[in-house]
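**Q** pasting the sequence and the predicted model now:
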Amino acid sequence: MFVRAYLRASTQEQDATRARSELEAFVEARGLAIAATYIENESGASLTRPELFRLLGDCHPGDVLLVEQVDRLSRLNAADWGRLRAEIAERKVRVVALDLPTSWQLAIENADDFTSRMAEAINGMLLDMLAAIARKDYEDRRKRQSQGITSAKLRGVYKGRPEDVDRNSLIVSLLETGRSWNEIISATKCSRSTLARLAKRRQSLGE
């Protein structure tokens, strides 16, 4: 059994490694070690998460996918969560989350068959519930944000996020030199959505 840690933050401005020490302390307290750590800055509401799927691709049956909180794994809608859950189940990966104490039993390698099956059944139910709560929290925050923007626009005070002109100029320059998106994201710490927007703007200007 290998323990594979997954660390995620939504934007490049956030520190995806923030919970690394907590995950390390958790496994050390159980006499385990983290075999590999997978880090990315991508939205939990999207299935487009290369590091998460690289983790799953590296897993063997019985391996542990360790996260700080269930919402680090998913803020997905029901259909996408179903797809991710199916992938996890097919690979026989155990999801252990620090905010889901019932999952901690799954980090014990020598648990008997009955205990393992009971833990997996209970954990699966609670995992689905927390994933649904995480999605609702995501949708509620988006709704409040939209309402706030609408209110600000009606009052004539909404300015939007100021554009980082220097950084965006660098991104466009890198696009023009043919650098890959992954290279540009690594060099500038921009989000994939920002890069896509600038690439589209550059293409429209060239037409």
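**A** Yep, it's here.
**Q** now the helices for the chain?
**A** Applying DSSP state H to the chain gives helices spanning 20-28, 50-58, 70-73, 78-90, 113-154, 165-176, 181-188, 192-206.
**Q** now do the third one: which elements does it pack against?
**A** Spelled out, it's helix 70-73. Judged by 3 or more C-beta pairs under 8 Å, 6 or more residues apart in numbering; DSSP states H and E, helix 70-73 is in contact with strand 3-9, strand 94-97, helix 113-154. (Glycine included, C-beta is placed from N, CA and C.)
**Q** name the residues that touch that helix?
**A** 6-8, 19, 44, 52, 65, 67, 84, 95, 97, 99-100, 127, 130-131, 134, 137-138 (C-beta atoms under 8 Å, 6 or more residues apart in numbering).
**Q** same deal with stretch 46-57?
**A** 4, 6, 8, 36, 38-40, 42, 65, 73, 76, 80, 83-84, 87-88, 91, 93, 192.
**Q** what do you get for stretch 30-37?
**A** Applying C-beta under 8 Å, 6+ apart, the set of residues contacting stretch 30-37 is 2-7, 20, 23-24, 27, 55, 58, 66, 107-108.
**Q** show me which of those is closest to R201.
**A** L7 (31.3 Å; C-beta to C-beta).
**Q** closest to V172 out of the helices and strands packed on helix 70-73?
**A** Of all the helices and strands packed on helix 70-73, strand 3-9 comes closest under C-beta to C-beta, at 25.1 Å.
**Q** partner strands of that closest one and their direction?
**A** Strand pairing for strand 3-9, using DSSP bridges, gives strand 34-41 (parallel), strand 64-67 (parallel).
**Q** break this structure into its domains for me.
**A** 3-136, 165-206 (automatic domain parsing).
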